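Student: next input, structure requested:
(2 chains)
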Amino acid sequence: MQPALPPLLEIIDIHKSYGSLKAVDGVCLRIDRGICFGLLGPNGAGKTTLIEIIEDIISSTSGTVHYKGTSRAAEFKQEVGIMFQQTALLSFLTVAETLRTFGRLYDRTESLDTLLRLCHLEEVKDRLNDRISGGQRQRLLLALALLNQPDLIFLDEPSTGLDPQARRNLWQIIKTVKSQGRTIVLTTHYMEEAENLCDDIAIMDRGRIIARGSPADLIHTHCKRTTLTLPKSVAPAVVGDLEGTVQERPDRLEIRTENVNALIGQLLDRGVDLRASNVRTPTLEDVFLKLTGRSLRE
Amino acid sequence: MRFKRLWAIFHARNHEFFRDREAFGWNFVFPFLIVLGFGIIFKGDYRAQFKVGVFPILPGDSITQKIDNLPDRFATFEALSLLGFETRAAGLERLKHHKIDLLVEAQQVPVRYWVSQSSPSGAIVERLLKEALTPPGQGGRYRKIDIQGLQTRYIDWLFPGILGMNMMFSALYGVGWVVVRYRKNGVLKRLKATPLTAFEFLTAQLLSRIFLLMFTLVIVWVGCDWMLDFKVYGSLLNLLLIFLAGSICMTSLGLVIASRGTSEEFANGILNIIAWPMMFLSEVWFSIEGAPAWIKAVAKIFPLTHMLTAARKVMNEGRTMAAVAPEMIILTVMTLAFLLLGAALFSWNE
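Tutor: Okay, the predicted model is just below:
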């Protein structure tokens, strides 16, 4: 029987302070191989600081990071790919030259053609890297993160500032990379991004991990109730004693319930017209709101 | 250290330089224009260094016809140029602002002149005028002897200074300011995420800048020499070695500035604090031979001073490498000190 492999990353009691500000406050995490791990939190939650400590870009005040069961050695940088939230590239180089230059910094590299094809950069490969669009630039940064065939990929807010179409294109590439069995650590404040890409999520706020689990588990654990919205024309008295909690809004009635099927049955029995109704299942945004009282994008 | 990684950054930095047409052009055009300008201004064997205003000179009047009250040996002296003014007030205005060194009233005997007590040039021209007014035969006992052997035009003396100044600005800003900008905009952070080591990165920056400095030096030298035909009394190879030692030293100084900081404005301030005194005290434009001893001592802390001293010894005096050994040793020691300091202080992101 083979011994169990250690987790790809183990983060043990990481602290990072800037003066009196605790940016990261005692974070412990284990990240398994081959998954897409999402770190969710609003701006200023400490996500980027934590990720950059794990990436060995900045040092922690205290705590330890283990990679493949041991302290990060020189191979760590050969085996990880990083896409920073904000970065500039060497000026006056084309897209292809940028990839070639960074490729020479690693022992093993993906072929240029494969990278250009994977990241849809063939058409702009001869264009200077400051003459490409925002979406193309993000794909170039992703290509840089992938060019050393990394076992572990860090993506820090990869789709921030992109239009919906460019964002979905980027997600598709990330899904392709994920399907190759590589481990991805993704930070985002886009709930939809996390739900689309992540197998495992940690929610971070004020430097601490406040919840952990798969998207479905988090929602199931923290926000069981579905919201059914009815137009204001429905009299509150009609729904007052129904399954769930009724809230009157200026333009609508909201009923929160754990058993939406039973609620709909009761409403139909009472002759309520449901054509103008709306059923909204809970999301990670709701989980976050419930746990922190703050919106993810605050 | 991996040569492949060093080469990648060296190559990329050179690409940046050669493709940034504005910076590239400026590195060649700036020294070339200065040398050419000075070459044209000081092309003659002698130069009119002092300006004497004469009034009243009305439009259409000839100054030379109006200055019959001045001795010929003063009025025709090559070191003076005569400028006419319609009124005394107009001339005095120029005199107050040091635009002219002396003001003389035309056709008046005895000669009336005005001079600013705060003008050193004015005192010299006044002495020239007084001596010219002294009757012949009453002058001092002297005998003029022309200097023999090596004679250096001002432009031959100035040329190494301009090359050195260009190298100094290019080394300090091309490394110091550029690396601070890299740090500010995240390029260094991106490079830190790769296996590239700080030593490899700094070595690549150093080698790239030295290559670019020497490349620029050769191009500017050949271009200017073709136009102005510089006289080099010593060995060109020795001169090249001196400039190489100077460029390594000043680029290393650039690395010290580059080692920390994320503010381009702050880096700019530090660079100015270093570059401007170096330009004025290292004898780029003029000799500080007569300056107080403490100014001469301060000048010795600058690598440019030692590089220019050595370069002029070889270029203008035909001296050998043995004669410039003290300057070369100082440059080497400074280089080692700057490299050690730069390496010790360097941070990718602080």
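Student: number of nearby residues for residue 280?
Tutor: Answering for chain A, as no chain was given. 12 (other Cβ atoms under 10 Å in any protein chain shown). Where C-beta positions appear, they are placed from N, C-alpha and C, glycine not excepted.
Student: that's the other chain; I wanted chain B
Tutor: As a burial measure, B:F280 scores 14 neighbours (other Cβ under 10 Å).
Student: which strand or helix spans it?
Tutor: helix B:264-281 (DSSP states H and E).
Student: next: A:I201.
Tutor: Taking DSSP H and E as the criterion, the element that holds A:I201 is strand A:200-205.
Student: helices and strands of chain A: which one bottoms out on pLDDT?
Tutor: helix A:236-239 (a mean of 74; mean pLDDT, DSSP states H and E).
Student: now it: buried residues?
Tutor: Using 16 or more other Cβ atoms under 10 Å in any protein chain shown as the test for burial, helix A:236-239 gives A:V239.
Student: so what secondary structure elements neighbour that helix?
Tutor: strand A:245-248, strand A:252-257 (3 or more Cβ pairs under 8 Å, 6 or more residues apart in numbering or on different chains; DSSP states H and E).
Student: OK, contacts around the most centrally placed residue in chain B?
Tutor: Of all residues in chain B, the one closest to the mean position by Cα atoms, centre = their mean is B:V284, 2.9 Å from it. By Cβ atoms under 8 Å, 6 or more residues apart in numbering or on different chains, B:V284 lies in contact with B:G161, B:I162, B:G164, B:M165, B:L304, B:L308.
Student: of these - the most surrounded one?
Tutor: Neighbour-wise, the contacts of B:V284 (other Cβ under 10 Å) top out at B:G164, 29 neighbours.
Student: per-residue pLDDT, that residue?
Tutor: Looking at B:G164, its pLDDT reads 94.
Student: in this structure it contacts B:A245, no?
Tutor: No - counting by Cβ atoms under 8 Å, B:G164 does not reach B:A245; the two are 11.7 Å apart.
Student: which neighbours do these two share?
Tutor: Shared contacts of B:G164 and B:A245, defined by Cβ under 8 Å, 6+ apart, comprise B:M307.
Student: which is the next helix or strand following the longest helix seen in chain A?
Tutor: Longest helix in chain A, counting residues (DSSP state H): helix A:164-179. Next helix or strand after helix A:164-179 toward the C-terminus (DSSP H and E): strand A:183-188.
Student: in its sheet, what does that following strand sit against?
Tutor: The strands that strand A:183-188 pairs with in its sheet are strand A:36-40 (parallel), strand A:152-156 (parallel) (by DSSP bridges).
Student: as TSV, these with mean neighbour count and distance to A:N129 would be great.
Tutor: As requested, those are arranged in TSV below (neighbours: other Cβ atoms under 10 Å in any protein chain shown; distance: least, Cβ to Cβ, whole Å):
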stretch	mean neighbour count	distance to A:N129
strand A:36-40	27	27
strand A:152-156	24	19
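Student: show me the one of those that comes nearest A:I255.
Tutor: Proximity to A:I255, assessed across the strands paired with strand A:183-188 by Cβ to Cβ, is greatest for strand A:36-40 (27.8 Å).
Student: rewinding a little: buried deepest among the helices and strands packed on helix A:236-239, which one?
Tutor: Of all the helices and strands packed on helix A:236-239, strand A:252-257 has the most neighbours on average by mean count of other Cβ atoms under 10 Å in any protein chain shown, namely a mean of 19.
Student: who are the packing partners of it?
Tutor: Packing partners of strand A:252-257 (3+ Cβ pairs under 8 Å, 6+ apart): strand A:226-231, helix A:236-239, strand A:245-248.
Student: can you tell me which residues in chain A are near chain B?
Tutor: Within chain A, the positions near chain B by Cβ under 8 Å from any Cβ of the partner chain are A:55, A:57-58, A:74, A:77-78, A:80, A:82, A:84, A:86-93, A:97, A:101-102, A:104-107, A:144.
Student: what's the ChimeraX line that selects buried ones from those residues?
Tutor: Selection of the buried residues among those in ChimeraX, burial being defined by 16+ other Cβ under 10 Å:
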select /A:55,57,58,77,78,80,82,84,87,88,89,90,91,92,93,97,101,102,104,105,106,144
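Student: identify those among the residues of chain A next to chain B that sit within helices.
Tutor: A:K77, A:Q78, A:E97, A:T101, A:F102, A:L144.
Student: against B:L253, how distant is the closest residue in space to B:S252 that isn't next to it in sequence?
Tutor: In space, and not counting its chain neighbours, B:S252 is closest to B:F338: 3.6 Å by Cβ to Cβ, 6 or more residues apart in numbering or on different chains. For B:F338, the distance to B:L253 equals 5 Å [Cβ to Cβ, to the nearest Å].
Student: where does the chain have low pLDDT?
Tutor: Looking at chain A here, since you left the chain open. For chain A, the stretches flagged by pLDDT under 70 are A:1-3, A:294-298.
Student: not what I meant, chain B
Tutor: Scanning chain B with the threshold set as pLDDT under 70 gives B:41-48, B:136-152.
Student: for it, what lies in contact range of chain A?
Tutor: When proximity is defined by Cβ under 8 Å from any Cβ, chain B lies next to chain A at B:4-5, B:7-9, B:11-13, B:15-16, B:19-20, B:182, B:185-187, B:189-196, B:348-349.
Student: who's in contact with B:M168?
Tutor: Counting by Cβ under 8 Å, 6+ apart, B:M168 has contacts B:M250, B:A275, B:M278, B:M279, B:L304.
Student: so it belongs to a helix, correct?
Tutor: Yes - B:M168 sits within a helix when classified using DSSP: H, G, I helix; E, B strand; the rest coil.
Student: OK, contacts around the closest residue to chain B within the stretch 151-298 of chain A?
Tutor: The nearest approach of the stretch 151-298 of chain A to chain B comes at A:F154, 8.6 Å away (Cβ to the nearest Cβ). Contact analysis of A:F154 by Cβ under 8 Å, 6+ apart lists A:I51, A:I54, A:E55, A:V80, A:G81, A:I82, A:M83, A:A145, A:I184, A:V185.
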